[in-house]
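A.B. asks: attaching a predicted model along with its sequence, questions to come.
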Amino acid sequence: MEINILKISQNGSGLDVEWSDGEKSNFNYLWLRDNCPTAHDKDSRHRMFNILKVSTNIKAKDFKINHDGKLEIKWSEGDHTSYYDPKWLRKNCYTLKSKQKYISPYKLWNNSLQNNLDSISVEHDEIISSDKGLIKWLEILHRKGIAIVKNTPIEKESAFSVLNRISHTRETFFKTPFEVINIPKPNNSAYSAHALNNHMDLPWFETPPGYQFLHCLINSAEGGDSSAVDGFSVVDYLKHNEIEIFETLVSVPLKFRDKDYTQESIRGFHAPAVSLTKDKDYNDIRFSVATMDILDCHPDIMDKVYKAHHRFGNLLHDDRFQIKFRLNPGDIFSFNNRRVLHGRTAFDPNSGHRHLQGYYIDRDEILGRLNYLKK
């Protein structure tokens, strides 16, 4: 059904619009002038009009619905007339958007996922050969934060071909790909045979990598099984059951620091364990026992902060929430590094070889590619 403008009237700072379906909208004058259809360059689509060049008192000198059904405004400044398509106004109406109930795109999961790993598995050839397969992979990564690509070639750096179907990888000082193997005098605990607690990578960065991809080339050693936990699911549990801990996690910054002895840079960052979006949805999880630095919060809350950290960390390793699985050669363990925490059991390097190659891609690239393909 086509929706049209029935009536427009002026208020102090904008125009009130009544629609043919009974809805009502308010459009602020500065917002309307800033979003005039002529404000953007037709090629680059960047806004070329500078709203800072008009006064904050700008208003409509005259307004009407013209013979094309468009809202026509003659402005009090700049000798300019704007024409707004009602479909565009309705689509971008912030009055109506503010009334809509927010629906999270995320599908939270717990240990029951372990019995249905096929639901997060995608064939390598399916991704390589079609956009449909790529969309399937990206949808799983965006919605559930975790996916396993199956039957990938096991030559070194062979993951580039499937990752480049998304976008470019993010380079870090670990290089790309980084080699997850047991080495003498490791500069990171991942490069040892030790067990790794569930953690995120690089929490000491202001913006840690959005997604991580661990490509299994060889996994013949005893041990070395993988684990993963949906941090958003754990936080959601705390929000609905232990609100004081939840509020501490979202409000008190923790301190993380890079302790890599090979680096000539010192990297550190303060951030809460949990951050939220503008819609109060879950945005980021920062958790790493190995790289959390000496906390320096106010003494009055230190006990509360440590108890919240203790509770959160134990739930992130609780068998109610985490899944455990073994990577096979040709698997790419893909996950949202700022949502899904990952770990592994210890392995015996004398019993066989274990070699993964790791890659990062920023979260913007995952979502941007998905939106483009779906459009």
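C.D. replies: Sure thing, it's come through. Numbering: from 1, shown residues only.
A.B. asks: only C-alpha atoms for contact and neighbour calcs from this point on.
C.D. replies: Will do.
A.B. asks: low-confidence regions, the stretch 101-250 of the chain specifically.
C.D. replies: 183-191 (pLDDT under 70).
A.B. asks: now do the strands in it.
C.D. replies: Using DSSP state E, counting those that start in this stretch, the strands of the stretch 101-250 of the chain run over 121-123, 146-150, 178-180, 196-199, 211-219, 222-223, 226-230.
A.B. asks: for the longest one, output the C-alpha coordinates as PDB.
C.D. replies: Output for strand 211-219, consisting of C-alpha atoms alone and laid out as PDB, is shown next (Å, rounded to 0.1, in the frame of the first residue of the first chain):
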ATOM      1  CA  TYR A 211      37.000 -11.800  13.600                       C
ATOM      2  CA  GLN A 212      39.600 -14.500  13.900                       C
ATOM      3  CA  PHE A 213      40.200 -17.500  11.600                       C
ATOM      4  CA  LEU A 214      42.200 -20.500  12.700                       C
ATOM      5  CA  HIS A 215      43.100 -22.800   9.800                       C
ATOM      6  CA  CYS A 216      44.000 -26.300  10.900                       C
ATOM      7  CA  LEU A 217      46.800 -27.800   8.800                       C
ATOM      8  CA  ILE A 218      47.900 -30.600  11.100                       C
ATOM      9  CA  ASN A 219      46.400 -31.900  14.400                       C
END
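A.B. asks: quick one, it and strand 146-150 angle?
C.D. replies: On the basis of axes from the mean of the first three to the mean of the last three CA atoms, to 10 degrees, strand 211-219 is oriented at 40 degrees to strand 146-150.
A.B. asks: who does strand 211-219 pair up with?
C.D. replies: strand 332-336 (antiparallel), strand 354-361 (antiparallel) (DSSP bridges).
A.B. asks: quick one: contacts for L30?
C.D. replies: Residues in contact with L30 (CA atoms under 8 Å, 6 or more residues apart in numbering) are 51, 56, 58-59.
A.B. asks: right, I mislabeled it, should have said R339
C.D. replies: Contact partners of R339, counting by CA under 8 Å, 6+ apart, are 145, 230-232, 283-285.
A.B. asks: check D293 too.
C.D. replies: With CA under 8 Å, 6+ apart, D293 has these contacts: 255-257.
A.B. asks: who's the closest residue to V250 other than its chain neighbours bridged to?
C.D. replies: Sequence neighbours aside, V274 is the residue nearest to V250 in space, at 4.8 Å (criterion: CA to CA, 6 or more residues apart in numbering). Assessed by DSSP bridges, V274 has beta-bridge partners I285.
A.B. asks: count the neighbours of V274 for me.
C.D. replies: V274 is flanked by 25 other residues according to other CA atoms under 10 Å.
A.B. asks: what's the answer for the one 10 residues further on, then?
C.D. replies: Applying the criterion other CA under 10 Å, we find 23 residues in the vicinity of D284.
A.B. asks: ditto for I218
C.D. replies: Each residue near I218 was counted by other CA under 10 Å, and the total is 19.
A.B. asks: could you do the one 4 residues further on as well?
C.D. replies: Residue neighbour count, defined by other CA under 10 Å, stands at 16 for E222.
A.B. asks: hmm, back to that, are any of the contacts of D293 buried, and which?
C.D. replies: Neighbour counting over these (16 or more other CA atoms under 10 Å) leaves 255-257 as the buried ones.
A.B. asks: just to revisit the earlier point, okay, the strands paired with strand 211-219, which one's buried deepest?
C.D. replies: strand 332-336 (a mean of 26; mean count of other CA atoms under 10 Å).
A.B. asks: what angle sits between that one and strand 226-230?
C.D. replies: Using the same axes, to 10 degrees: strand 332-336 against strand 226-230 is 20 degrees.
A.B. asks: what helices or strands is the helix or strand following strand 332-336 leaning on?
C.D. replies: Going down the chain from strand 332-336, the next helix or strand is strand 340-344, by DSSP states H and E. Here strand 340-344 touches strand 196-199, strand 226-230, helix 231-241, going by 3 or more CA pairs under 8 Å, 6 or more residues apart in numbering; DSSP states H and E.
A.B. asks: strand 340-344: how far from the chain's middle?
C.D. replies: 17 Å (CA atoms, centre = their mean, to the nearest Å).
A.B. asks: paired strands for that strand, with orientation please.
C.D. replies: Applying DSSP bridges, strand 340-344 is found paired with strand 196-199 (antiparallel), strand 226-230 (antiparallel).
A.B. asks: what residues of stretch 245-260 count as buried?
C.D. replies: For stretch 245-260, the neighbour count (16+ other CA under 10 Å) marks 245-246, 248-250, 252-259 as buried.
A.B. asks: quick check: of the residues you listed, which lies closest to W88?
C.D. replies: Of all the buried residues of stretch 245-260, W88 sits closest to V250, with 36.8 Å by CA to CA.
A.B. asks: any idea how far V234 is from the closest one?
C.D. replies: 13 Å (CA to CA, to the nearest Å).
A.B. asks: cool, and N116?
C.D. replies: For N116, the distance to V234 (CA to CA) stands at 19 Å.
A.B. asks: so which of these two has more stuff around it?
C.D. replies: Comparing N116 with V234 by neighbour count (other CA under 10 Å), the higher total belongs to V234, at 23 against 10.
A.B. asks: now I51: how far from L32?
C.D. replies: Taking CA to CA as the measure, I51 falls 10 Å from L32.
A.B. asks: make that P208, sorry
C.D. replies: 37 Å.
A.B. asks: next: H142.
C.D. replies: Taken as CA to CA, the span from H142 to L32 is 33 Å.
A.B. asks: how about V17?
C.D. replies: For V17 relative to L32 (CA to CA), the value is 13 Å.
A.B. asks: circling back to that earlier point, out of the contacts of R339, flag the one nearest to F333.
C.D. replies: Sorting the contacts of R339 by distance to F333 puts G145 at the head of the list, at 10.9 Å, by CA to CA.
A.B. asks: what's the burial count for the closest one?
C.D. replies: By other CA under 10 Å, the residues close to G145 number 26.
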